[in-house]
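S.K.: no sequence for this one, just the structure:
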Ligand code: ADP
Ligand code: ASP
Ligand code: MG
């Protein structure tokens, strides 16, 4: 059994959906996970924000705009009158729901219901399209098995039990379709796996079912050596280890949801990144095999906040670090990077939901300062300590960029630096030029 996830661009128009249908219409047991059509979730976010701001006059035109786009899509997608009508009924039902919200009773709970609409729409329309094309497939609801616990983490046992139960209902089916991104939380309410979460859905499904492979089909031919939105002439990496891919995803390579490699890695299910527009391109294979030793890729994570705590005591008292870390634990705020000196700690977070409370508590232990708008630049590769020169190569290329913090030695595959966000493009360009000229020449052959 394989799990195939198609992202927003891959299902972003009638033509793209038709291509996806061709890609999945082969013998073999498959679970197809779909994202919302591109642009939909962004628009749903805006609609929900307008309701939260109690501005229905802003929400309704946004709903109308989205509906117009979907009307054009179904008109192209379905060929027969019968299925055009079915498509219209689907739109009527979902857009009626969007229009039914009342700003005065609109909370984050209602917002999450709105955000789930994109994946519900794309899967229902795609399933009808397969039906019209006489391609047998079962549409099953992610909301019946995908669940997060009270900490917002996937509840693996629940997912495994309920997913298997759902699949057992169709012992003869080969092709299954379900929604990425959406789930229920511990209260049973509609929730989601955060932006880009369809990758995570695919990985969670692939892991609990011990799939043969998880394929992430997107709009680019694999994990590139740097962010193609900032750097020209990037190229795909043929093979990555789970750890390398995981670091790149966590530190900002948008092609993968930050947490989506771990479930696959835990059950040793290979993940392949493929391009819907170029289905024959080899893409990137992510597996437990170690890949060639060298510097592989660079990623950047935005919106990082650096917090510095300078102990009020002359020397770091025993237990100071523990007290500091416990504050972050209490507020369930993950720390990404840490640097220490004799009397101070600098650390970074990206979730600032509880920043004020954290600051208040940290002030008990010393003087606290905060720098917002920083970024982490993370270089991933094989940096074994016995191989001299890696750090030199990286820092030489960054010699023009002011560096706020450095992390080296935490793992043998990652060297990270913190810089101000204004230097993002300059740093990525410099690293690309400095680290990959030789590989680039080979890759382009
Ligand atoms: P999907 O909608 O299919 O999930 P995403 O937009 O989430 O697609 O991810 C694909 C995009 O990720 C690419 O179009 C590319 O711009 C961006 N990206 C950022 N960093 C990388 C990288 N290192 N390698 C490949 N793509 C990257
Ligand atoms: N539709 C969701 C988003 O835009 C999930 C995803 O695309 O993976 O974030
Ligand atoms: Mg994505």
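M.R.: Thanks, I have it. This one's a predicted model, so the numbers in the text were calculated from it and none came from an experiment. Numbering: from 1, shown residues only. Ligands and ions are numbered 1, 2, ... in the order given.
S.K.: Any residue of stretch 198-208 touching ligand 2?
M.R.: Yes. Using CB under 6 Å from any ligand atom, stretch 198-208 comes into contact with ligand 2 via residue 198. Placement of C-beta: from N, CA and C, glycine included.
S.K.: Just the residues contacting that stretch, thanks.
M.R.: By CB atoms under 8 Å, 6 or more residues apart in numbering, the residues outside stretch 198-208 that reach it are 3-5, 7, 31, 33-35, 119, 142, 146, 154, 156, 159-160, 163-164, 178-181, 183, 193-194, 211, 213-214, 216, 256-257, 259-264, 266-267, 269, 271.
S.K.: Show me the residue sitting in the middle of the protein in space.
M.R.: residue 257 (1.9 Å; CA atoms, centre = their mean).
S.K.: near ligand 1, from the contacts of stretch 198-208?
M.R.: Under the cut-off given by CB under 6 Å from any ligand atom, ligand 1 has 7, 35 from these close to it.
S.K.: residues making contact with the one helix or strand residue 394 maps to?
M.R.: According to DSSP states H and E, residue 394 maps onto helix 390-397. Under the contact criterion CB under 8 Å, 6+ apart, helix 390-397 has outside partners 295, 379, 381, 383, 408, 415, 417, 430-431, 433-435.
S.K.: repeat for stretch 67-75
M.R.: Under the contact criterion CB under 8 Å, 6+ apart, stretch 67-75 has outside partners 13-14, 37, 39, 84, 87-88, 90-91, 95, 121, 125.
S.K.: One more pass at 6 Å, please.
M.R.: Stretch 67-75 is contacted by residues 14, 87, 91, 95 when judged by CB atoms under 6 Å, 6 or more residues apart in numbering.
S.K.: and these as JSON lines, adding pLDDT and neighbour count?
M.R.: Below are the contacts of stretch 67-75 laid out as JSON lines (pLDDT from 0 to 100; neighbours: other CB atoms under 10 Å):
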{"residue": "14", "pLDDT": "98", "neighbour count": "17"}
{"residue": "87", "pLDDT": "98", "neighbour count": "22"}
{"residue": "91", "pLDDT": "98", "neighbour count": "18"}
{"residue": "95", "pLDDT": "98", "neighbour count": "18"}
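S.K.: Is the residue nearest to the centre of the chain in contact with residue 196, as I believe?
M.R.: Yes. The criterion here is CB atoms under 6 Å, and residue 257 meets it with residue 196 at 4.4 Å.
S.K.: Mind jotting down where the strands sit in the stretch 51-200 of the chain?
M.R.: 138-139, 175-179, 182-184, 190-192 (DSSP state E, counting those that start in this stretch).
S.K.: on that earlier part again, and which of the contacts of stretch 67-75 is nearest residue 64?
M.R.: Comparing the contacts of stretch 67-75 against residue 64 with CB to CB places residue 95 closest, at 8.7 Å.
S.K.: now the residue nearest to that closest one when sequence neighbours are not counted: how far from ligand 1?
M.R.: In space, and not counting its chain neighbours, residue 95 is closest to residue 67: 4.9 Å by CB to CB, 6 or more residues apart in numbering. As judged by CB to the nearest ligand atom, to the nearest Å, residue 67 and ligand 1 stand 22 Å apart.
S.K.: ditto for residue 281
M.R.: 12 Å.
S.K.: Is it correct that residue 429 falls within a helix?
M.R.: Yes. Using DSSP: H, G, I helix; E, B strand; the rest coil, the assignment for residue 429 is a helix.
S.K.: what number of residues lie near it?
M.R.: Here the number of neighbours of residue 429 (other CB atoms under 10 Å) works out to 15.
S.K.: just use 36 as the starting number from now, easier for me
M.R.: Happy to do that; since the first residue is 36 now, the last one works out to residue 464.
S.K.: If you average the pLDDT over stretch 75-87, what comes out?
M.R.: When pLDDT is averaged over stretch 75-87, the result is 98.
S.K.: Run through this protein and note the low-pLDDT ranges.
M.R.: Scanning the chain for pLDDT under 70 picks out 326, 328, 349-352, 419-421, 473-480.
S.K.: Tell me the residues of it that contact ligand 2?
M.R.: Neighbours of ligand 2 within the chain, by CB under 6 Å from any ligand atom: 42-43, 70-71, 76, 153, 215-216, 230-233.
S.K.: And the residues you listed, which of them are buried?
M.R.: 42-43, 70-71, 76, 153, 215-216, 231-233 (16 or more other CB atoms under 10 Å).
S.K.: Residue 238: neighbour count?
M.R.: Quick note: residue 238 (other CB under 10 Å) scores 30 neighbours.
S.K.: Next up, identify which helix or strand it is on.
M.R.: Using DSSP H and E, the element containing residue 238 is helix 233-243.
S.K.: Can you name the next helix or strand after that helix?
M.R.: Next helix or strand after helix 233-243 toward the C-terminus (DSSP H and E): strand 248-253.
S.K.: which residues touch the residue of the stretch 286-435 of the chain found nearest ligand 2?
M.R.: For the stretch 286-435 of the chain, the residue closest to ligand 2 is residue 292, as judged by CB to the nearest ligand atom, at 6.7 Å. By CB under 6 Å, 6+ apart, the contact set of residue 292 is 231-232, 234-235.
S.K.: likewise residue 197?
M.R.: Going by CB under 6 Å, 6+ apart, the list of residues near residue 197 reads residue 180.
S.K.: Now do it against residue 217, distance only.
M.R.: Distance of residue 197 to residue 217, given as CB to CB, to the nearest Å: 14 Å.
S.K.: From the contacts of stretch 233-243, keep the buried residues only.
M.R.: 38-40, 42, 66, 68-70, 154, 177, 181, 189, 191, 194-195, 198, 213-216, 218, 228, 246, 248-249, 251, 291-292, 294-299, 304, 306.
S.K.: Now name the helix or strand holding the residue of the stretch 286-435 of the chain closest to ligand 2.
M.R.: Assessed by DSSP H and E, residue 292 sits outside every helix and strand.
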